[in-house]
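[1] what's the 3D shape of this:
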Amino acid sequence: MMPSIQLKTLGIAFIISLGLLIPFEYYWGHVKHWPKSYDSQDLDLWAELRAQVDDLDSTDVIIMGSSRGHYDINIHLWDSITGTRPLMLAYPGSSPFYPIEDIVEKSDFNGLLIISTAPGLFYTLGDSWGAGRGKAFVDHYYDRTYAQRLNHFIYKQIDPLFHYSDPELSIKALVNRLPFPNRDSVKSPNIWPPMVKVDKYRNVRMISQMETDTVLQRKQTDIWFSPNRKNPYPDSIDLVIGHYSSLVNKFQDKGGRVAYIRPPVSGFYLEYEPVEYPRDKYWDRLLNESNCSGFHYTDHPDTKDMIPPEWSHLNKRDADIYTKTIINLLRQEGLL
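    Numbers count the residues shown, from 1 in each chain. You can find the predicted model right below:
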């Protein structure tokens, strides 16, 4: 008696699931033509790519840093030009403080390391949003269980087939974006709008809506903007730059090559960052003490006037130009 009831319940649940899944997939796939995407902040996807580091050689390239390095470089375009697709290990909202340490001290990689700098994240310490976030995904790489690895392997085969797994289309994400009006003293929180699409190699492309829709852009800039933002670690510059320069020098000693990049910004960041992180005390000193090349967007005619639509990340056209520019600069320096 019990098995038949359970099978009946299972069958009803299956039919209900299909009844919900089919129209959902049809709507986003055929009505909205929404491109499928991985999650740019998926720790398991990052760990999967980190595991490939030991298979690289001196001709390979790794990109590290935060979202500007992640979003602004098109690794597939890079591959079509150079014949080598970089390993994308940059991670949104994080500092490479610990990930670079991990690559330099726990791997034999001795190729080209491209380090993207976003001052508000790059010069952070300890358990802060930037440095602590970077430590979290390095720790995940070493601590993930076999069950987590199997789970990631299975879902990696399934997720690309369905829209429901897109982080922008989860029920929570869709509910959060319902236009509930503010009431009394309760104000709706700023909800991160859809911005990019990510593939299995962690290559990122800004969606067309974010490139042109000023409402979406304003939602994002409202999140970025902070009128009283300050450098949280002004007294730690010696420690932070000393950490990076020491790691870079160690990496160079084993035959590796390093280049720092400073991608374009606009709006609030264009006003805030030069004041809180003066170029001579941060960027110039970082290059001098690391004894390596660096490419600041304001120094080059093809990139100095770029305007990220939401102040911090490039649209597809400019990201492609920026990618080509970095490749040309690296070749001129004999690094690529």
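
[2] tell me where the stretch 1-150 of the chain has helices.
    For the stretch 1-150 of the chain, the helices defined by DSSP state H, counting those that start in this stretch occupy 2-26, 43-50, 67-72, 75-82, 97-106, 119-122, 129-143, 146-158.

[3] which helix or strand lies directly C-terminal to the lowest-mean-pLDDT helix or strand in the chain?
    Using mean pLDDT, DSSP states H and E, helix 171-176 stands out as the lowest-scoring helix or strand of the chain, at a mean of 67. Following helix 171-176 in sequence order, the next helix or strand is strand 196-198 (DSSP states H and E).

[4] what packs against the helix or strand just after that following strand?
    Scanning forward in sequence from strand 196-198 by DSSP H and E, the next helix or strand is strand 204-206. For strand 204-206, the packing partners by 3 or more Cβ pairs under 8 Å, 6 or more residues apart in numbering; DSSP states H and E come out as helix 67-72, strand 196-198, helix 316-332. (Each C-beta comes from the backbone N, C-alpha and C, glycine too.)

[5] report all helices and strands that the helix or strand immediately after strand 204-206 in the chain contacts.
    Following strand 204-206 in sequence order, the next helix or strand is helix 208-212 (DSSP H and E). Packing partners of helix 208-212 (3+ Cβ pairs under 8 Å, 6+ apart): helix 214-224.

[6] in the helix it packs on, what's buried?
    216-217, 219-221, 224 (16 or more other Cβ atoms under 10 Å).

[7] nearest to residue 195 among the residues you listed?
    Of all the buried residues of helix 214-224, residue 195 sits closest to residue 220, with 6.6 Å by Cβ to Cβ.

[8] does the closest one touch residue 191 like I think?
    No. Taking contacts as Cβ atoms under 8 Å, residue 220 lies outside contact range of residue 191: 10.2 Å.

[9] which ones are touching residue 273?
    119-120, 265 (Cβ atoms under 8 Å, 6 or more residues apart in numbering).

[10] put together TSV for the residues you listed, with pLDDT and distance to residue 271 on each row.
    Listed next are those as TSV, based on pLDDT from 0 to 100; distance: Cβ to Cβ, whole Å:
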residue	pLDDT	distance to residue 271
119	95	13
120	94	13
265	98	10
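
[11] would you check that residue 237 makes contact with residue 282?
    Yes. Assessed by Cβ under 8 Å, residue 237 is found in contact with residue 282 at 7.1 Å.
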